[in-house]
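>>> 3D model of this:
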Amino acid sequence: MLTIPQNPAAGLASVRERITVAARSASRDPTGVTLVGVAKSQPLERLRPALAAGLADLGENYVQEARAHFEALAGQSFRRHFIGALQTNKTRDAALLFDWVHTVDRLRIAERLSAQRPESIPALDVCLQVQIGGEASKSGVAPAGLAALADAVAALPRLRLRGLMCLPPEETEPARQRLWFAELRQLSEHLNANGHRLDALSMGTSGDFESAIAEGATHVRIGTAVFGARV
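Down below sits the predicted model:
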């Protein structure tokens, strides 16, 4: 029998309280921060109680795992976010399965998502993943190429360009964490000053989401702090 080390409903309540405190400390409305529960490698026995406790957004890193989760959770209402690296051979499934894709990092991926998004459902909300910190091991468009990619993606018919996403270098000091998140916020502000209407900053995970909120995060992607350690 699977032993669950944490009560996901309690974990959800704790993270929500931390989000509230962080938002108010930054003079922000806590309702402006969406908690995306990261389901990566988490069993259904942990996802179900969090959804029952009011988790409204579920994030998935792998298309195949997401399909299995969504089929098992059929009948439950939640927004579906793709937050992993997306390969071209998975775009058709992603275009069908998700409400949001946070990790668009090149035009080819965006074009395929747009072409494969059914006309019968709303346009797909997307964020552009930016390679903050220049780490070769992480995906993302370089800041120098961001404006051109944003212009091209915004013109695609079945997508709605909502914002930017990042996975910055790991830092333990809040001041260092905030520097990376401030860079993404400034890139978003620059795009908006040049005609875009971005309203989403997807940044912050279990170890740094409070720093991300201080710099304007609208979506924080939280896994272990809600569900416990992955199995």
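>>> residue ranges with poor pLDDT in the chain?
1-6 (pLDDT under 70).
>>> can you map out the strands along it?
34-38, 57-60, 79-82, 100-104, 124-130, 159-166, 200-202, 219-222 (DSSP state E).
>>> mean neighbour count and distance to residue 190 added to these, as a markdown table?
Yep, even glycine has a C-beta here, placed from its N, CA and C like the rest. Formatted as a markdown table, the strands of the chain follow (neighbours: other C-beta atoms under 10 Å; distance: least, C-beta to C-beta, whole Å):
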| stretch | mean neighbour count | distance to residue 190 |
| --- | --- | --- |
| strand 34-38 | 23 | 23 |
| strand 57-60 | 22 | 27 |
| strand 79-82 | 22 | 25 |
| strand 100-104 | 26 | 18 |
| strand 124-130 | 25 | 12 |
| strand 159-166 | 23 | 11 |
| strand 200-202 | 25 | 13 |
| strand 219-222 | 25 | 20 |
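>>> could you save those as a markdown table and add columns showing distance to residue 45?
A markdown table is the format used below for the strands of the chain (distance: least, C-beta to C-beta, whole Å):
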| stretch | distance to residue 45 |
| --- | --- |
| strand 34-38 | 14 |
| strand 57-60 | 15 |
| strand 79-82 | 20 |
| strand 100-104 | 25 |
| strand 124-130 | 29 |
| strand 159-166 | 29 |
| strand 200-202 | 27 |
| strand 219-222 | 18 |
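>>> which one of these lies nearest to residue 23?
strand 219-222 (10.3 Å; C-beta to C-beta).
>>> what does the closest one contact?
15, 19, 33-38, 57, 59, 81, 83, 102, 200-206, 209, 212-213 (C-beta atoms under 8 Å, 6 or more residues apart in numbering).
>>> wait, doesn't residue 48 sit right on residue 73?
Yes - between residue 48 and residue 73 a contact is recorded at 7.3 Å, counting by C-beta atoms under 8 Å.
>>> longest helix anywhere in the chain?
Ranked by residue count, the top helix of the chain under DSSP state H comes out as helix 174-193.
>>> chain center to that helix: distance?
16 Å (C-alpha atoms, centre = their mean, to the nearest Å).
>>> swap in stretch 25-36?
The answer for stretch 25-36 is 15 Å, by C-alpha atoms, centre = their mean.
>>> now do the helices in this structure.
Using DSSP H, helices in the chain cover 8-25, 44-52, 63-72, 91-97, 107-116, 143-154, 174-193, 209-214, 224-227.
>>> what is the last one packed up against?
Secondary-structure packing of helix 224-227 (3 or more C-beta pairs under 8 Å, 6 or more residues apart in numbering; DSSP states H and E): helix 8-25, strand 34-38, helix 44-52.
>>> now do the shortest one and helix 8-25, the angle between them.
Computed with axes from the mean of the first three to the mean of the last three C-alpha atoms, to 10 degrees, the direction of strand 34-38 lies at 140 degrees from that of helix 8-25.
>>> what strands flank strand 34-38, and is each parallel or antiparallel?
strand 57-60 (parallel), strand 219-222 (parallel) (DSSP bridges).
>>> for the closest residue to residue 182 other than its chain neighbours, what are phi and psi?
Counting by C-beta to C-beta, 6 or more residues apart in numbering, the nearest residue to residue 182 once its immediate chain neighbours are dropped is residue 215, at 4.9 Å. Residue 215 adopts backbone torsions of phi -100, psi 10, taken as degrees, to the nearest 10.
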